[in-house]
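> okay, sequence plus prediction incoming.
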Amino acid sequence: MVEQPMNVQPSAIDPAALGSNKHPVSVVVITKNEARRIEDCLRSVRWADDVVIVDDESQDATVHMAQSLGARVFTRKMEMEGRHRNWAYAQAVHDWVLSLDADERVTPELQRQIAQVVQGDGPHAGYAIPRRNYLGRHWLRYGGWYPSAQLKLFRKSMFRWEEAEVHPRADLTGTWGTLTADLVHFSYSGVSDFLQKLDRQTTLEAKKWVRDGRRVTLGKALWRTIDRFVRSFIGKQGYRDGFWGLFAAVFGGLYQFVSYAKYRESSASRADG
């Protein structure tokens, strides 16, 4: 993938038309027990012509709420994130896909830029979107958390995820640009949510290491833990976010160490078996 920055001017879209016209884009959202957040997410994309929910067997009202808001809902158990997302994108009506999570919100400014891209049909095959990440009520502006742009808008015919359990790599055929308007991302509702996600993601990370046959040593894990903390808190000025910048940097580093501990545990279990 070759990035070519793009400066989109929102004024190129007629604001009066945004509320009445549906834009030729499919919004795809992966859900799992997201009844608390899905309504705000879907209301932020009411301008999209097609909204697809792929639900991982939720036990709450996620499916009912999504259907009541006009989304097309599919139920499918997630076994591998990359494979699951690729299947979800295949359900989209339009070639242009905006990939969202239930904790993300599209701002009016971002809506205008997306409209310009899909109505103008390009010029790139995909676009990264800056994300304003929140930990509870705290916007993490530093430490690598902002702008933290991710490839979120793309042509489904030219895009696939690596089939991996966690943090799959994106594979885009063609060039990609970067939009300038933010996507609001309520990453973590609070400390407990942060730690629960850390626990879940490190389990998947360790599983991937074992499956790929990686040899990860304690020394390498310690180095990555320290390096990740220093780069976030010092190099990327996470200290400017105060206590929450320190919290995010500490546990961002510990991600590597906890993953290693679970990797050791899993490898030992396989050897004993």
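It's in. Numbers count the residues shown, from 1 in each chain.
> quick one: contacts for the spatially most central residue of the chain?
Closest to where the C-alpha atoms of the chain average out (Cα atoms, centre = their mean) is D101, at 6.2 Å. D101 makes contact with 29-30, 41, 185, according to Cβ atoms under 8 Å, 6 or more residues apart in numbering. C-beta here means a position set from N, CA and C on the backbone, and glycine is covered the same way.
> go with 10 Å
Listed by Cβ atoms under 10 Å, 6 or more residues apart in numbering, the contact partners of D101 are 29-31, 34, 37, 41, 152, 183, 185-187.
> going along the chain, name the helices of the stretch 1-150 of the chain.
15-18, 38-43, 62-68, 81-90, 108-120 (DSSP state H, counting those that start in this stretch).
> out of these, which is closest to L172?
With Cβ to Cβ as the measure, helix 81-90 is the member of the helices of the stretch 1-150 of the chain nearest L172 (12.3 Å).
> before we move on, the earlier item: turn the helices of the stretch 1-150 of the chain into a markdown table, columns for mean neighbour count and mean pLDDT.
Below are the helices of the stretch 1-150 of the chain laid out as a markdown table (neighbours: other Cβ atoms under 10 Å; pLDDT from 0 to 100):
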| stretch | mean neighbour count | mean pLDDT |
| --- | --- | --- |
| helix 15-18 | 11 | 38 |
| helix 38-43 | 19 | 97 |
| helix 62-68 | 18 | 97 |
| helix 81-90 | 18 | 94 |
| helix 108-120 | 20 | 94 |
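> I'd like the ones you listed laid out as a markdown table, including distance to S232.
Listed next are those as a markdown table, based on distance: least, Cβ to Cβ, whole Å:
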| stretch | distance to S232 |
| --- | --- |
| helix 15-18 | 37 |
| helix 38-43 | 27 |
| helix 62-68 | 33 |
| helix 81-90 | 23 |
| helix 108-120 | 26 |
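> so which of the ones you listed is nearest D171?
Closest approach to D171 among the helices of the stretch 1-150 of the chain is made by helix 81-90 (9.7 Å; Cβ to Cβ).
> output the contacting helices and strands for that closest one.
Using 3 or more Cβ pairs under 10 Å, 6 or more residues apart in numbering; DSSP states H and E, the elements in contact with helix 81-90 are strand 23-31, strand 48-55, strand 96-101, strand 159-161, strand 170-172.
> can I get those strands in JSON lines with mean pLDDT and distance to L179?
Shown next, in JSON lines, are these (pLDDT from 0 to 100; distance: least, Cβ to Cβ, whole Å):
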{"stretch": "strand 23-31", "mean pLDDT": "97", "distance to L179": "13"}
{"stretch": "strand 48-55", "mean pLDDT": "97", "distance to L179": "16"}
{"stretch": "strand 96-101", "mean pLDDT": "97", "distance to L179": "11"}
{"stretch": "strand 159-161", "mean pLDDT": "94", "distance to L179": "16"}
{"stretch": "strand 170-172", "mean pLDDT": "92", "distance to L179": "15"}
